[in-house]
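Chemist: predicted model, plus sequence, below.
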Amino acid sequence: MNIHEYQAKELFDRFQVPSPKGKVAATAKEAYDAAKWLGVKHLVVKAQVHAGGRGKGTFKNGFKGGVHLVESAESARDVATQMLGEVLVTKQTGDDGRLVRKVMIAESVTISRELYLAILMDRETSQPVIVVSTEGGMDIEEVAEKTPEKILREYIHPLAGLQAYQVRKICHNLDMGTNARQFGRLLHSLYKLFIDCDCSMVEINPVVVTTDDHVYALDAKFNFDDNALYRHPEISAMRDTDEEDPREVAAAAHDLNYIGLDGNIACLVNGAGLAMATMDIIKHFGGDPANFLDVGGGASKEQVTAAFKIILGDPNVKGILINIFGGIMDCNIIAEGVIAAAKETGLPIPLVVRLEGNNVELGKATLAASGLNIVSADDMSDAARKIVAAVQ
Ligand code: ADP
Ligand code: MG
């Protein structure tokens with residue numbers, strides 16, 4: 001799960017990670033009031049969307065930049081007017097862009113240095129890693145590609161935690177000089193936040209040193225481990241489903257493991273491994289999967305119906321492949337779920353079903369007796385071939 005920058009600021013405040021004072025606003029009037037409340041002349045207006053690259057982004061109304069420095073509450077209001085209700089396109093949003101529903105008004109600072117700082121879970125070594133670079137404020141992927149030597153990594157022992165010598169080493173490598181103490185404190189606070197909140201990634205691009213020698217986190221991108229969210233109701237409450245794929249939001253509500261993709265063949269599968277294999281075999285026969293969907297080992301008829309509806313709600317989908325191996329799952333339950341869903345939604349596109357395992361004979365008989373236009377397949381290759389042919 002991701003959160004907005006203004007929500008990240010709440011966590012920064014709680015964990016004493018220094019960041020400029022700011023307030024969120026959903027209307028131009030609120031933006032004006034927030035600026036007045038801040039009571040300073042130098043302000044910044046920042047579009048709040050779950051995507052980076054806002055500063056260099058462009059709105060579909062032609063307005064340039066999702067991050068604007070302004071000098072008065074009136075200008076803050078005017079910039080907010082240009083942003084709110086408009087679609088911002090950045091390098092990370094894709095061509096569709098993102099609708100800006102909120103902006104953050106914050107104090108602006110005078111920057112002398114911009115640094116890159118991230119903490120993430122490294123899957124290869126199974127431990128947190130702190131990633132830093134002197135090339136802050138830039139597109140970090142580009143830095144990694146062109147000047148990889150400028151990206152430094154410090155691995156943290158998960159039980160020992162971040163050690164003082166590691167902080168000193170990072171500060172030395174970044175040439176922090178007299179700002180080392182402040183930067184070090186920020187590092188310790190951020191590491192504590194990362195662990196305590198079960199983050200999988202925290203990225204601050206940039207951390208800045210100001211001309212009057214303060215160190216601040218200016219930007220914030222958070223990623224939380226969904227499986228640990230139950231421990232953090234206050235963070236779960238920050239979820240903004242407007243920023244998420246509506247198909248994935250609906251799937252989560254029914255406890256389905258769904259990930260939307262760009263292809264046109266929808267898959268409904270039980271078991272993550274089989275779901276991966278199903279996507280592979282669709283590709284192998286020249287098709288393109290529209291999603292990953294694992295209905296789990298013991299899906300109910302209601303879940304299968306919900307899954308079916310989510311699949312059909314995707315306008316790109318031109319065919320469906322159901323691939324079920326009945327282990328714990330009873331093939332007949334799937335069959336009944338599919339029929340119920342198809343009757344409720346109609347079946348406007350080809351459907352290929354491959355069933356195998358527990359109660360498969362009854363499952364197949366139920367499907368055959370339904371009178372629905374369902375193509376039955378004998379094995380995975382057969383199923384993939386049939387659905388790829390059907391959508392072409
Ligand atoms: P994004 O990464 O989405 O473009 P940032 O929050 O990093 O958004 O903002 C883009 C740039 O705007 C930053 O790299 C920084 O130079 C500048 N900026 C952002 N916030 C402030 C601020 N409070 N004061 C001064 N400059 C800022
Ligand atoms: Mg940034």
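Modeler: Sure thing, it's come through. Ligands and ions are numbered 1, 2, ... in the order given.

Chemist: assign the closest residue to ligand 2 within the stretch 101-250 of the chain to helix, strand or coil.
Modeler: Here the stretch 101-250 of the chain gets closest to ligand 2 at one residue, residue 219, 3.6 Å apart by Cβ to the ion. No exception for glycine: its C-beta is placed from N, CA and C like everyone else's. Put simply, residue 219 is coil when judged by DSSP: H, G, I helix; E, B strand; the rest coil.

Chemist: what ranges do the helices span in the stretch 151-300 of the chain?
Modeler: Shown for the stretch 151-300 of the chain, the helices assigned by DSSP state H, counting those that start in this stretch span residues 164-173, 180-196, 233-236, 246-253, 272-284.

Chemist: which residues in the stretch 51-200 of the chain form strands?
Modeler: Assignment of strands within the stretch 51-200 of the chain using DSSP state E, counting those that start in this stretch yields the ranges 58-59, 67-70, 87-89, 98-99, 103-107, 111-122, 127-133, 151-155, 199-210.

Chemist: tabulate those strands in TSV, adding columns for mean neighbour count and mean pLDDT.
Modeler: Below are those laid out as TSV (neighbours: other Cβ atoms under 10 Å; pLDDT from 0 to 100):
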stretch	mean neighbour count	mean pLDDT
strand 58-59	16	97
strand 67-70	19	97
strand 87-89	19	97
strand 98-99	19	96
strand 103-107	26	98
strand 111-122	19	97
strand 127-133	20	97
strand 151-155	15	97
strand 199-210	21	97
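
Chemist: for residue 347, find the nearest of those strands.
Modeler: Distance to residue 347, taken as Cβ to Cβ, is lowest for strand 98-99 among these, at 33.0 Å.

Chemist: quick revisit: tabulate the strands of the stretch 51-200 of the chain (JSON lines), appending distance to ligand 2.
Modeler: Formatted as JSON lines, those follow (distance: least, Cβ to the ion, whole Å):
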{"stretch": "strand 58-59", "distance to ligand 2": "16"}
{"stretch": "strand 67-70", "distance to ligand 2": "8"}
{"stretch": "strand 87-89", "distance to ligand 2": "14"}
{"stretch": "strand 98-99", "distance to ligand 2": "15"}
{"stretch": "strand 103-107", "distance to ligand 2": "13"}
{"stretch": "strand 111-122", "distance to ligand 2": "9"}
{"stretch": "strand 127-133", "distance to ligand 2": "13"}
{"stretch": "strand 151-155", "distance to ligand 2": "16"}
{"stretch": "strand 199-210", "distance to ligand 2": "4"}
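
Chemist: return the nearest residue of the stretch 51-200 of the chain with respect to ligand 2.
Modeler: Counting by Cβ to the ion, the stretch 51-200 of the chain gets nearest ligand 2 through residue 52, at 5.6 Å.

Chemist: just confirm that residue contacts residue 92, I think it does.
Modeler: Yes - between residue 52 and residue 92 there is a contact under Cβ atoms under 8 Å: 5.1 Å.

Chemist: please say which of those two ends up with more neighbours.
Modeler: residue 52 (20 against 15; other Cβ atoms under 10 Å).

Chemist: pLDDT wise, what is the more buried one at?
Modeler: Per-residue pLDDT puts residue 52 at 93.

Chemist: show me the contacts for it.
Modeler: Residues near residue 52 by Cβ atoms under 8 Å, 6 or more residues apart in numbering: 90, 91, 92, 205, 219, 221.

Chemist: surely the third one and residue 53 touch.
Modeler: Yes - the pair residue 92 and residue 53 qualifies as a contact (Cβ under 8 Å) at a distance of 5.0 Å.

Chemist: which parts of this protein sit against ligand 2?
Modeler: Neighbours of ligand 2 within the chain, by Cβ under 5 Å from the ion: 205, 219.

Chemist: switch the cut-off to 6 Å
Modeler: 52, 205, 219 (Cβ under 6 Å from the ion).

Chemist: what about the last one, neighbour count?
Modeler: A count of neighbours around residue 219, defined by other Cβ under 10 Å, yields 22.

Chemist: ok, for residue 36, nearest residue in space, not its chain neighbours?
Modeler: Leaving aside its chain neighbours, residue 36 sits nearest to residue 73 (5.1 Å; criterion: Cβ to Cβ, 6 or more residues apart in numbering).

Chemist: neighbours of the one you found, how many?
Modeler: Neighbour tally, residue 73, other Cβ under 10 Å: 20.

Chemist: skipping adjacent residues, who's closest to the residue of the stretch 101-250 of the chain closest to ligand 2 in space?
Modeler: residue 205 (5.5 Å).

Chemist: what of residue 57?
Modeler: Sequence neighbours aside, residue 90 is the residue nearest to residue 57 in space, at 3.5 Å (criterion: Cβ to Cβ, 6+ apart).

Chemist: and the gap between the residue nearest to residue 219 and residue 137?
Modeler: 7 Å (Cβ to Cβ, to the nearest Å).

Chemist: ok, now residue 267?
Modeler: Counting by Cβ to Cβ, the gap from residue 267 to residue 137 is 41 Å.

Chemist: comparing those two, which shows the higher neighbour count?
Modeler: Neighbours were counted for residue 267 and for residue 137 using other Cβ under 10 Å; residue 267 has more, 26 against 17.

Chemist: looking at it, the more buried one is touching residue 293, isn't it?
Modeler: Yes - between residue 267 and residue 293 there is a contact at 5.7 Å, judged by Cβ under 8 Å.

Chemist: how about the residues of the stretch 151-300 of the chain by ligand 1?
Modeler: Residues of the stretch 151-300 of the chain lying close to ligand 1 by Cβ under 6 Å from any ligand atom are 205, 206, 218, 219.
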